[in-house]
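Visitor: Predicted structure and sequence below. I'll ask about it afterward.
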Amino acid sequence: MVLGALLLASAMGLLLYNNWEDNQAGEAAQEVLEELETQIEENRQAVDIPIYNQPEDSATLEAVEIDGMWYIGTLTIPSLELELPILEEWSYAGLRVAPGRYTGDPWTGDLVICGHNYTRHFGNLKYLEAGDAVYFTDVNGTVFHYEVGEVLILQPTDVEAMISSEWDLTLFTCTIGGQTRVTVRCMEVD
């Protein structure tokens, strides 16, 4: 009985720690998001006419630095009531604050973003449905509008399938336990 009580206490402790870590990540992302949105608005006002459909050969994805980390824009998923800053490059340490670019670029139509499965980050991607809207706004204020095409599960070893698809935007996160990856494929909407 003592061993059972210790195991229950350990499980409760782990659950509480995971919830605390989820909240910390959500609060960190929200703080960065507020500052990033201010910078995006300032950049948007500095440009007289927003550039849409910029040619690929002149496309550059700019980044801004906030608290020692570099961000390329924001990701908004209205159906999940989710808005997050996006790091220029993903890292395990960075994922504690915000999702990050795994590879690609919105201008070239091959952006892949990975995030931790915190509830306040990418933990609810599995609930997206075909047709749901997704928006990526770069640091200059250009908005890329996407629509979810499919939600699927990939194996962690399916890296090539993750990055070499015909989809304009791919979002992914680990499932609980990290055995597979919830993967959301999106097409850009004109």
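Guide: Yes, it's here.
Visitor: now for the strand ranked longest in the chain, which elements pack on it?
Guide: For the chain, the strand with the greatest residue count under DSSP state E is strand 143-154. Other helices and strands packing on strand 143-154, by 3 or more C-beta pairs under 8 Å, 6 or more residues apart in numbering; DSSP states H and E, are strand 133-138, strand 169-174, strand 181-188. Bear in mind the C-beta positions are built from the backbone N, C-alpha and C, glycine included.
Visitor: so which of those comes closest to Asn18?
Guide: strand 169-174 (13.2 Å; C-beta to C-beta).
Visitor: just checking, what packs against the closest one?
Guide: Using 3+ C-beta pairs under 8 Å, 6+ apart as the contact test, the elements touching strand 169-174 are strand 111-114, strand 133-138, strand 143-154, helix 159-163, strand 181-188.
Visitor: my read: Thr137 touches Tyr71, true?
Guide: No. With contacts counted by C-beta atoms under 8 Å, Thr137 stays clear of Tyr71, the gap being 11.0 Å.
Visitor: neighbour-wise, which of the two wins?
Guide: Neighbour totals were compared for Thr137 and Tyr71, and Tyr71 leads with 28 against 22 (other C-beta atoms under 10 Å).
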